[in-house]
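Chemist: sequence first, predicted coordinates after that:
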Amino acid sequence: MTAMSYRPAPADLARLKASLPEWLPILLGLLAMYGPTFYDLFHGAWATEEQAHGPIILALSLWLMWRQWPAMLAATNDRGAAHAAGWPLMLLALALYVLGRSQQILAFELGSLIMVGAALLLIKRGARALSVLWFPFFFMLFMVPLPGAVVSTLTMPMKMAVSYVTEQLLFLAGYPISRNGVILQIGQYQLLVADACAGLQTLLTLEALGLFYLNVVRHTSAFRNIWLALLIVPISFSANVVRVITLTLVTYYLGDAAGQGFLHGFAGMVLFITALFLILGADTLLHWVVRRRQEGKP
Amino acid sequence: MKASVMISGVLFALMVSAGALSHHLTPSIKLADHGPRFTLADMIPQRFGDWTVDTAIAPLQVDPATQAKLDKIYNQTLSRTYIDSQGQRVMLSLAYGGDQSDAMAVHKPEVCYTAQGFEVKSQQYGEMATPYGTLPVKRLYAVSGMRQEPITYWITVGNRAIRPGMEQKIQQLRYGLSGMVPDGMLVRVSTISGDLDAAYQVQDRFINDMLQALQGKDRVRLVGAPVQPTQG
């Protein structure tokens, strides 16, 4: 992650050469630890639908780090900067890594990456460096999979809520729909609201992308930032309901095959487009509210 | 040498050792490859106590996508319906997985049932007395439309029957850190009934009859080795 900080402009080459003895061992160390991890991830978890956002989060984090790296270097110096918490954090992170990697606990393994990165910064550049780069590290948390127990606890109520709202809305619109737990019956068709439709993963992905957007555009108003981050939760839920309604209606009018085939993927697009418009709409509204509040001040 | 370069050297050594250590600690011995081979279908008798296999009812078939997923996780599965002389039917479902590391661990029925459209109305831990020790069972009550299905199940990891959840994780880790990949069994018994107490009693009777009919080592496969009181 550090290699990207030095742009290979000719003027910087000398500096790059000078920093090589210091940073090359760290890069190699990271490669020795996390090379196998990422190899396994790309051939396993990240190839599945549930964790497909993992590589995107990683890429965005690295980009954010690269973008803020010069600012971090400017804000710190390497003489006597080391923070006391660096080494204990490093050892803790390594222990977590060994346990996670050897026992296949992915949350530990990926969690340790964030901790190792933070510890390296603390040791090499001090606490100030971490406070400049806090967002990329926080953002990487979205890459760490939630424990299975948490996922299954949250998934079921979310599925029920999505099914319930879908049933109520379509019923109000006059469709012959009934619901039994998470099974929707429309006309002669029966639809099972699957785990993916619960939208937990969608929620996390949208929340991550929303935070990324906020960080990149750098709204100065804390009010706007916090409210938009909070509004993403109901937005993601609504987008999910729109997806399930779309799928239900597709099945109702075009049959089972259409609902399960190409149009299933299309409904996923509907979800993200809906969410995008809702987020942009909410942001515009918040912008307006902030302006009004400022104008109201004397 | 500059101090900062030395620090980098120390960090490099630490990180490479962590990599090597985790590689060294990764369990490689599969417990499943070390016991004698067995097949679930032969292990559980067609007829025991008052129970015989009810061939009139074909066990519920799962859709191909689910089957593919099951085949990936489990090495062997068995699903049968038994009937006694009173006409009481009990569904038995066994799943054996040779690899109980975290990614491949047996799936919990409360998750499977809800995924297939059931609503799990109640779930609680219980202890079932058998002549071969107390079993840490979990009792579920799943409902889908008119179908009411009380369920009793337990799991084993390695040679112990343990509660699903935290205890299962700890048992997996205990094996994993000693270099072994444990195998595991999921035993699920269910009936169609709205009367929970009566249903669980029938299920307990069925389980005890089945355990009595099994040979010693087959029984250990199903319920684990009897727990010694002195063992932590």
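Modeler: Thanks, I have the structure now. Note that the coordinates shown come from a computational prediction; the quantities given were computed from them, not determined experimentally.
Chemist: where do the helices sit along chain A?
Modeler: Using DSSP state H, the helices of chain A run over residues A:10-43, A:54-75, A:86-102, A:106-125, A:127-132, A:134-140, A:148-172, A:200-217, A:222-254, A:256-260, A:262-296.
Chemist: lowest average confidence across those helices, which one?
Modeler: Of all these, the minimum mean pLDDT falls on helix A:256-260 (a mean of 71).
Chemist: residues near the residue lying closest to B:S28 once chain neighbours are set aside, how many?
Modeler: In this structure, B:S28 finds its nearest non-sequential neighbour in B:G179, 6.7 Å apart by C-beta to C-beta, 6 or more residues apart in numbering or on different chains. Where you see a C-beta, it was placed from the backbone N, CA and C, and this is true even at glycine. Neighbourhood size, B:G179 [other C-beta atoms under 10 Å in any protein chain shown]: 13.
Chemist: residues in contact with residue 48?
Modeler: As the question left the chain open, I've gone with chain A. By C-beta atoms under 8 Å, 6 or more residues apart in numbering or on different chains, the contact set of A:T48 is empty.
Chemist: wait, chain B was what I had in mind.
Modeler: B:F48 neighbours (C-beta under 8 Å, 6+ apart): B:209-210, B:212-213.
Chemist: just checking, B:S93 touches B:Y74?
Modeler: No - counting by C-beta atoms under 8 Å, B:S93 stays clear of B:Y74, with 10.9 Å between them.
Chemist: top of the contacts of B:F48 by neighbour count?
Modeler: B:M210 (22 neighbours).
Chemist: remind me which helix or strand that residue belongs to.
Modeler: Under the criterion of DSSP states H and E, B:M210 resides in helix B:196-213.
Chemist: which elements pack onto the helix or strand following that helix?
Modeler: Later in the chain than helix B:196-213, the nearest helix or strand by DSSP H and E is helix B:216-223. Applying 3 or more C-beta pairs under 8 Å, 6 or more residues apart in numbering or on different chains; DSSP states H and E, one finds that helix B:216-223 makes contact with strand B:147-157, strand B:184-190, helix B:196-213.
Chemist: which strand or helix spans B:V120?
Modeler: With DSSP H and E as criterion, B:V120 is part of strand B:119-130.
Chemist: what's the angle from that strand to helix B:196-213?
Modeler: Angle between the axes of strand B:119-130 and helix B:196-213 is 50 degrees (criterion: axes from the mean of the first three to the mean of the last three C-alpha atoms, to 10 degrees).
Chemist: output strand B:119-130 as CSV, restricted to C-alpha atoms.
Modeler: Output of strand B:119-130 as CSV, limited to C-alpha atoms (Å, rounded to 0.1, in the frame of the first residue of the first chain):
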residue,chain,number,x,y,z
GLU,B,119,-40.7,-19.5,10.3
VAL,B,120,-38.8,-20.8,13.4
LYS,B,121,-41.3,-19.9,16.2
SER,B,122,-39.2,-21.1,19.1
GLN,B,123,-35.7,-22.4,19.6
GLN,B,124,-34.2,-23.4,22.9
TYR,B,125,-31.3,-25.5,24.2
GLY,B,126,-32.2,-28.6,26.1
GLU,B,127,-30.6,-31.6,27.6
MET,B,128,-31.8,-35.0,26.6
ALA,B,129,-31.1,-38.0,28.9
THR,B,130,-29.9,-41.1,27.2
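Chemist: could I get the contacts of B:F48 as CSV with pLDDT and distance to chain A?
Modeler: Formatted as CSV, the contacts of B:F48 follow (pLDDT from 0 to 100; distance: C-beta to the nearest C-beta, whole Å):
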residue, pLDDT, distance to chain A
B:D209, 91, 33
B:M210, 91, 29
B:Q212, 88, 35
B:A213, 87, 35
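Chemist: list the residues that contact the residue in chain B that chain A sits nearest to.
Modeler: Chain A sits closest to B:M15 of chain B, with a gap of 3.1 Å, by C-beta to the nearest C-beta. B:M15 sits next to A:26, A:29-30, A:32-33, A:94, A:116 when contact means C-beta under 8 Å, 6+ apart.
Chemist: tell me the confidence at it?
Modeler: 92.
Chemist: which of the helices or strands spans it?
Modeler: helix B:3-25.
Chemist: list phi and psi for the residue nearest to B:I83 when sequence neighbours are not counted.
Modeler: Nearest residue to B:I83, sequence neighbours excluded (C-beta to C-beta, 6+ apart): B:D54, at 4.0 Å. As for B:D54, its main-chain torsions (degrees, to the nearest 10) stand at phi -90, psi 100.
Chemist: next, the angle from the helix holding B:M15 to helix A:86-102.
Modeler: Using the same axes, to 10 degrees: helix B:3-25 against helix A:86-102 is 20 degrees.
Chemist: may I see the buried residues of helix B:3-25?
Modeler: Of the residues in helix B:3-25, those buried by neighbour count under the rule 16 or more other C-beta atoms under 10 Å in any protein chain shown are B:4, B:7-9, B:11-12, B:14-16, B:18-19, B:21-22, B:25.
Chemist: go on, stretch A:129-144?
Modeler: For stretch A:129-144, by 16+ other C-beta under 10 Å, it's A:129-130, A:132-133, A:135-137, A:139-140, A:142-144.
Chemist: before we move on, what about stretch A:284-298?
Modeler: A:286, A:290.
Chemist: touching the helix holding B:M210 from outside, list them.
Modeler: Looking at what lies outside helix B:196-213 - C-beta under 8 Å, 6+ apart - the contacts are B:44-45, B:48-51, B:82, B:88, B:90, B:92, B:128, B:130-132, B:135, B:139, B:141, B:150, B:152, B:189-191, B:193, B:219, B:222-223.
Chemist: need the buried ones from those selected in ChimeraX.
Modeler: Buried residues among those (16+ other C-beta under 10 Å), as a ChimeraX selection:
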select /B:44,48,51,82,88,90,92,128,130,132,135,139,141,150,152,189,190,191,193,219,222,223
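Chemist: mind listing what's buried along the strand holding B:V120?
Modeler: The neighbour-count check on strand B:119-130 (16+ other C-beta under 10 Å) flags B:119-120, B:128, B:130 as buried.
Chemist: ditto for stretch A:244-252
Modeler: A:244-252.
Chemist: C-alpha coordinates for it, PDB please?
Modeler: C-alpha atoms of stretch A:244-252 as PDB (Å, rounded to 0.1, in the frame of the first residue of the first chain):
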ATOM      1  CA  VAL A 244     -38.600  -7.300  -4.600                       C
ATOM      2  CA  ILE A 245     -41.700  -5.500  -6.000                       C
ATOM      3  CA  THR A 246     -40.100  -5.400  -9.500                       C
ATOM      4  CA  LEU A 247     -39.300  -9.100  -9.300                       C
ATOM      5  CA  THR A 248     -42.800 -10.000  -8.000                       C
ATOM      6  CA  LEU A 249     -44.500  -8.000 -10.800                       C
ATOM      7  CA  VAL A 250     -42.200  -9.500 -13.500                       C
ATOM      8  CA  THR A 251     -43.100 -12.900 -12.300                       C
ATOM      9  CA  TYR A 252     -46.800 -12.000 -12.200                       C
END
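Chemist: excluding its own residues, what touches it? List them.
Modeler: For stretch A:244-252, contacts defined as C-beta under 8 Å, 6+ apart pick out A:162-163, A:166, A:169-170, A:175, A:177, A:184, A:186-187, A:189, A:191, A:193, A:197, A:258-259, A:263-264, A:267, A:270.
Chemist: how about the buried residues of stretch A:244-252, which pair is most distant?
Modeler: The span of those, defined through C-beta to C-beta, is set by A:V244 and A:Y252 at 12.4 Å.
Chemist: looking at this, B:S193 is in a strand?
Modeler: No - secondary structure of B:S193 (DSSP: H, G, I helix; E, B strand; the rest coil): coil, not part of a strand.
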